[in-house]
Each structure stands twice: as C-alpha cells, then as structure tokens.
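S.K.: coords please:
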Amino acid sequence: MNDIKDWEDEYYRRMRLPAGDLHVYANRELFEAMETQVFTMANNNLQIPGGHYLSYTPDVHVGVGTCIGTTAVWRAEEAYVSPSIVGSDIGCGMRVHVTNLQREELQDLKLRRKLVRAVEKLLPADSQSRGQFADFRLEEVVRKGLHGLPRKYVPDAYTPKKATSLSHVEHSRFRFDEEYLERMPEAAWHRGHRQLGTLGSGNHFAEIQALEIPEEARATAEQWGLKDGQIIVMIHSGSRAWGGAVNELAGREVAKWMRGSGMGTADPKLAFAPLDSEAGQLYLHLMYSALNYAVVNRHLIAYAIREAAKDVFGSRFEMRTLYDLMHNYAWEEEHGGEAYFVHRKGATRALPPGHPDNPEPYRATGHPALIPGSMGTASYLMAGLPQGRANYHSICHGAGRVRSRSATKRLVCAGDFASALGVGTPDEVVVNQRSLEAIVDEAPQAYKDVDAIIDSVVGAGLAGVVAKCVPLAVIKGV
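M.R.: The predicted model follows:
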C-alpha cells in the first residue's frame with residue numbers, strides 16, 4: 001500500500017492512506033515494527049461511510065475486521081456502528097482493587113501460593129466451569145449492571161461513607177431499550193448465568209501486584225489513596241458467552257443489512273451498519289446489555305478474590321475499588337461541544353483532570369487508566385493529560401501481541417517462560433497453572449515491550465504514569 005506520512009514526530013504520525021487519514025501514536029521503533037496488514041485494515045475501516053477520525057495506539061496489532069488498538073469516530077448525526085470495531089468480547093476491560101497489605105507481607109512464596117490456592121476455590125480457572133455465585137437473576141444484571149446485584153455482593157453498601165463499588169467505576173449501569181432482550185436465545189441466558197464471576201481463557205487474568213510510585217506522581221497517587229509497596233489486585237475480563245451471543249445474533253442482522261444495501265469492503269469480516277438502522281439499533285442496545293454484564297463479571301471476580309483473601313489474612317483484610325473501565329465498546333461522547341459516536345477496540349479512555357466525564361471522586365485528578373503488561377512484566381496506572389483530546393482521550397490498553405498463539409507455542413518453550421516468571425528465585429511470579437505448557441501462548445515473549453508502549457503514550461503527551469505495578473502472583477484461565 002502506498003501510504004504517505006505527511007506529518008511526523010517522534011511519537012506521532014499522520015498517514016495518508018487511499019481511503020483517508022490514519023493517526024498513529026507510537027515511538028519510531030514500534031512504528032517501524034508494525035505489520036503492513038495493520039495499514040491495510042485501517043484503509044478498509046476508512047471506507048465505512050461518514051468516518052470522522054481513525055487512530056492506532058502503540059499496542060496495535062491485527063484483529064478480526066479491525067485492529068486491536070483502534071479508535072474510530074463518527075459525528076453522532078451520521079454515525080455507523082461496527083461490531084468489528086468493538087470486538088468480539090464486548091465490554092472487555094480492567095478493574096483494580098487496593099488492599100491494606102504491603103509488599104513485605106507477601107514476600108514469602110509459600111504464602112503467595114496459599115493465597116493463589118484459596119482464590120482458585122472461588123474463581124474457576126477452567127473456562128467451562130460454573131461461577132461460584134448463582135443466587136441472582138441474570139435479567140437484573142444485564143438490565144441494571146452493578147445495581148442489579150443482591151446487596152450481599154456489594155459489601156461496602158453497608159458502609160456508604162467508605163463505599164467505592166458503585167462510584168469508582170467508568171459506568172455502573174448502561175441504560176437501553178430492554179425490549180431487545182426478548183431477541184436473545186434461551187441458551188445465552190443459561191450460559192450467561194453460569195459464567196458470571198469467571199475469568200475465561202486467553203489473555204484474561206487476575207493478578208496480585210505491588211505498587212512502585214515515581215516521585216513526580218506522588219501527589220496524584222496520594223489523592224487516589226495509593227502508597228509505595230501497597231498490594232493491589234488487577235483483573236482483566238469481559239462479557240463472556242453473553243457478549244458472544246450478542247455478537248452472533250446482532251452480527252447476522254448487520255450482515256443482512258450489508259448484503260441488502262450492497263455495502264462492504266475488501267475484508268468480508270469488517271461488519272458495519274448505520275446506527276439508526278434496525279440492525280444498528282439491535283446491536284447498540286444489546287451491546288449495552290453486554291457492557292452491564294462485563295462490569296458485573298469483573299465485580300464478582302473481585303468479590304471472589306476478596307473472600308478468598310479473608311480466608312488467608314483474616315477479617316482485617318480490606319480491598320476497596322480503585323477503578324473499573326472498558327476497552328472494547330462504542331458510545332456517544334461530547335468533544336469540543338459536539339456529539340460524536342466513538343468506538344474503542346483495545347483502546348482505553350484516559351480523561352484529564354477537570355474533564356466533566358470523570359466520575360466525581362476523580363474529577364480533580366482524572367480517573368485511573370488501567371494498563372496491563374504481559375505475564376511476568378509490570379503493569380501501569382496512568383492518568384490522562386489535556387493533550388489527549390487530539391486522540392479523543394484514547395490511549396493503549398496493554399502490551400499488544402507480536403506473535404499469534406500458534407507461533408508462540410512453536411517458538412517459546414516452557415523453560416523460557418519459567419525464566420521470564422523468575423521461577424526458582426525469591427521474586428518468582430506465582431502462577432495457578434500446574435503446567436506452564438498449558439498457557440505458554442501467554443508468555444511475555446508473545447507481546448510487545450510494555451515499557452515501550454508506555455513510553456509512547458507518555459512521549460505523545462496523552463497520559464502520565466502514576467504507578468508501576470510489579471506482579472507477584474497471577475491466576476490464569478484455560
């Protein structure tokens with residue numbers, strides 16, 4: 001493809017593709033390592049009618065129909081919606097909880113292993129297993145989000161002055177036309193109920209981490225209630241089978257609209273429809289039900305970890321919510337006084353201090369942007385900066401793959417994986433899986449260097465680092 005860079009600096013490039021402009025945020029090394037296919041896919045995405053803006057974050061890599069690491073924007077009055085630019089795992093995102101433990105309290109490898117075993121009892125590692133919590137109605141969850149849970153699953157509801165479960169989240173409930181739920185098949189209701197409170201497989205995880213706070217970020221960290229050496233819990237999961245059923249059902253209707261209208265691109269897997277079409281509305285409203293499911297799923301995973309940790313550390317253990325956010329979704333936002341319909345697929349919203357869309361607890365600082373690394377590497381807590389408005393306040397969502405799962409299994413042996421996790425050393429990252437071969441496709445060698453990703457985001461002025469999160473133990477699903 002004859003792409004032309006008509007504006008370039010160390011961390012940003014505007015590229016003229018045949019179908020329109022692509023904005024790429026990445027340092028030179030990451031940019032030059034990008035596959036040609038990511039630009040081909042961008043050109044396909046730019047052929048969807050009415051597009052206003054398309055960009056890549058530095059963790060970009062090839063996905064289905066659209067690259068992971070994409071932000072795509074339409075003016076609200078002429079918007080299209082694309083299941084491909086949301087992603088198959090609707091509402092996939094991150095959650096962080098802050099504990100009252102310090103790193104020195106988890107130095108003992110035996111204690112870390114005991115904690116992992118306790119978590120496994122309440123958080124199934126097998127992706128086909130049933131979640132531990134079933135005394136709720138799924139209909140209430142997909143309709144009301146966190147507000148649809150029985151009160152006992154929102155433990156800080158009994159201490160409202162200290163409560164963070166409903167306030168320290170990107171959204172606790174997405175409202176939509178609930179009549180669309182009648183279109184969901186019976187099997188989706190059954191599977192959705194049994195999977196709530198489970199991680200799933202692939203790159204989903206729950207990780208025990210210790211904070212390292214840089215000197216220049218201490219003021220923000222203190223406002224967030226964070227301290228050096230503090231133990232946190234980071235969770236990555238999404239909408240599981242419910243989101244998959246939404247994609248299957250609404251995807252058929254979107255494909256039907258495309259055939260009837262004669263619309264499409266060179267990529268048959270790139271699906272889209274006008275937002276105001278019947279197919280677009282079906283996808284939009286059911287997508288919001290999946291966003292409700294996803295935030296509750298992460299909440300219940302955290303609930304399971306909290307209960308397991310209390311079995312290990314006793315009733316003194318505390319685990320408050322720092323933040324929950326998504327990186328696979330589409331919704332309407334206001335930018336510069338105008339309404340836009342914004343898709344993010346593998347991209348994180350990072351709002352600056354004072355932005356009106358920040359939840360009230362983070363209005364003064366900007367909310368935490370939660371960026372995971374790969375297994376054995378650090379993760380990061382970031383805060384958006386005003387300059388991020390140029391990219392509609394989107395930053396990376398993680399490290400981003402450089403190898404497919406099959407290629408990683410061919411090229412990386414269990415011994416290399418074990419070395420990356422520090423197995424046999426005092427700093428070993430304890431893993432729940434008895435055999436690393438079972439999860440070798442998630443080895444850090446499969447991912448980009450997360451520090452280079454963070455360097456690109458910081459260098460471009462999109463966000464700053466508030467804390468580095470060092471892994472101590474991880475629970476992975478298979």
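S.K.: which helix or strand contains residue 69?
M.R.: Taking DSSP states H and E as the criterion, the element that holds residue 69 is strand 68-75.
S.K.: could you name the helices and strands sitting against that strand?
M.R.: Applying 3 or more Cβ pairs under 8 Å, 6 or more residues apart in numbering; DSSP states H and E, one finds that strand 68-75 makes contact with helix 36-45, strand 51-61, strand 338-345. The way it works is simple: take the backbone N, C-alpha and C, and place the C-beta from them, glycine included.
S.K.: deepest of those, which one?
M.R.: strand 51-61 (a mean of 25; mean count of other Cβ atoms under 10 Å).
S.K.: regarding this structure, what is its longest strand?
M.R.: strand 463-476 (DSSP state E).
S.K.: hang on, the earlier thing: distance to residue 122 and mean pLDDT for the helices and strands packed on strand 68-75 - can I get that in JSON lines?
M.R.: As requested, those are arranged in JSON lines below (distance: least, Cβ to Cβ, whole Å; pLDDT from 0 to 100):
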{"stretch": "helix 36-45", "distance to residue 122": "39", "mean pLDDT": "98"}
{"stretch": "strand 51-61", "distance to residue 122": "31", "mean pLDDT": "98"}
{"stretch": "strand 338-345", "distance to residue 122": "31", "mean pLDDT": "98"}
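S.K.: for the protein, longest helix please?
M.R.: When the chain is parsed with DSSP state H, its longest helix is helix 278-313.
S.K.: partners of the strand holding residue 69 in the sheet?
M.R.: Using DSSP bridges, strand 68-75 pairs in its sheet with strand 51-61 (antiparallel), strand 338-345 (antiparallel).
S.K.: that one: what's the following helix or strand?
M.R.: strand 80-81.
S.K.: ok, that next one: who's next to it in the sheet?
M.R.: Short version: by DSSP bridges, strand 80-81 pairs with strand 273-274 (antiparallel).
S.K.: that older thread, the longest helix of the chain: what's the following helix or strand?
M.R.: Heading C-terminal from helix 278-313 (DSSP H and E), you reach strand 319-326.
S.K.: which strands or helices does that following strand pack on?
M.R.: strand 93-102, helix 278-313, strand 368-371.
S.K.: ok, 6 Å please
M.R.: Secondary-structure packing of strand 319-326 (3 or more Cβ pairs under 6 Å, 6 or more residues apart in numbering; DSSP states H and E): strand 93-102, helix 278-313.
S.K.: returning to what we had before: what is the rounded mean pLDDT of the longest helix of the chain?
M.R.: Confidence for helix 278-313, expressed as mean pLDDT, is 97.
S.K.: run the chain-centre distance for it.
M.R.: Distance of helix 278-313 from the chain centroid (Cα atoms, centre = their mean, to the nearest Å) equals 12 Å.
S.K.: list the buried residues for that helix?
M.R.: 279-309, 313 (16 or more other Cβ atoms under 10 Å).
S.K.: picking that back up, and for the strand holding residue 69, what's in contact with it?
M.R.: 50, 52-57, 59-61, 80, 85, 340-347, 392, 394 (Cβ atoms under 6 Å, 6 or more residues apart in numbering).
S.K.: same check, this time on stretch 411-424
M.R.: Contacts of stretch 411-424 (Cβ under 6 Å, 6+ apart): 376, 428-429, 436-437, 440, 443-445.
S.K.: which among those residues end up buried?
M.R.: Here, 16+ other Cβ under 10 Å leaves 376, 428-429, 436, 440, 443-445 buried among the contacts of stretch 411-424.
S.K.: just the residues you listed: which are in strands?
M.R.: Among the buried ones among the contacts of stretch 411-424, no member falls in strands (DSSP E).
S.K.: can I get those residues in JSON lines including pLDDT and distance to residue 406?
M.R.: JSON lines is the format used below for those (pLDDT from 0 to 100; distance: Cβ to Cβ, whole Å):
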{"residue": "376", "pLDDT": "88", "distance to residue 406": "21"}
{"residue": "428", "pLDDT": "94", "distance to residue 406": "28"}
{"residue": "429", "pLDDT": "94", "distance to residue 406": "24"}
{"residue": "436", "pLDDT": "87", "distance to residue 406": "17"}
{"residue": "440", "pLDDT": "89", "distance to residue 406": "11"}
{"residue": "443", "pLDDT": "86", "distance to residue 406": "13"}
{"residue": "444", "pLDDT": "84", "distance to residue 406": "17"}
{"residue": "445", "pLDDT": "88", "distance to residue 406": "14"}
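S.K.: JSON lines for these, including distance to residue 467?
M.R.: Below are the buried ones among the contacts of stretch 411-424 laid out as JSON lines (distance: Cβ to Cβ, whole Å):
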{"residue": "376", "distance to residue 467": "18"}
{"residue": "428", "distance to residue 467": "22"}
{"residue": "429", "distance to residue 467": "18"}
{"residue": "436", "distance to residue 467": "28"}
{"residue": "440", "distance to residue 467": "29"}
{"residue": "443", "distance to residue 467": "25"}
{"residue": "444", "distance to residue 467": "20"}
{"residue": "445", "distance to residue 467": "25"}
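S.K.: dump stretch 117-124 to CSV, restricted to CA.
M.R.: Output of stretch 117-124 as CSV, limited to C-alpha atoms (Å, rounded to 0.1, in the frame of the first residue of the first chain):
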residue,chain,number,x,y,z
ARG,A,117,-4.9,-21.8,46.0
ALA,A,118,-7.5,-20.0,48.1
VAL,A,119,-8.5,-17.9,45.1
GLU,A,120,-8.8,-21.0,42.9
LYS,A,121,-11.5,-22.4,45.1
LEU,A,122,-13.8,-19.4,44.4
LEU,A,123,-12.6,-18.4,41.0
PRO,A,124,-12.7,-21.3,38.5
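S.K.: helices of the stretch 101-250 of the chain, start to end?
M.R.: Using DSSP state H, counting those that start in this stretch, the helices of the stretch 101-250 of the chain run over 109-122, 138-144, 186-195, 218-223, 240-261.
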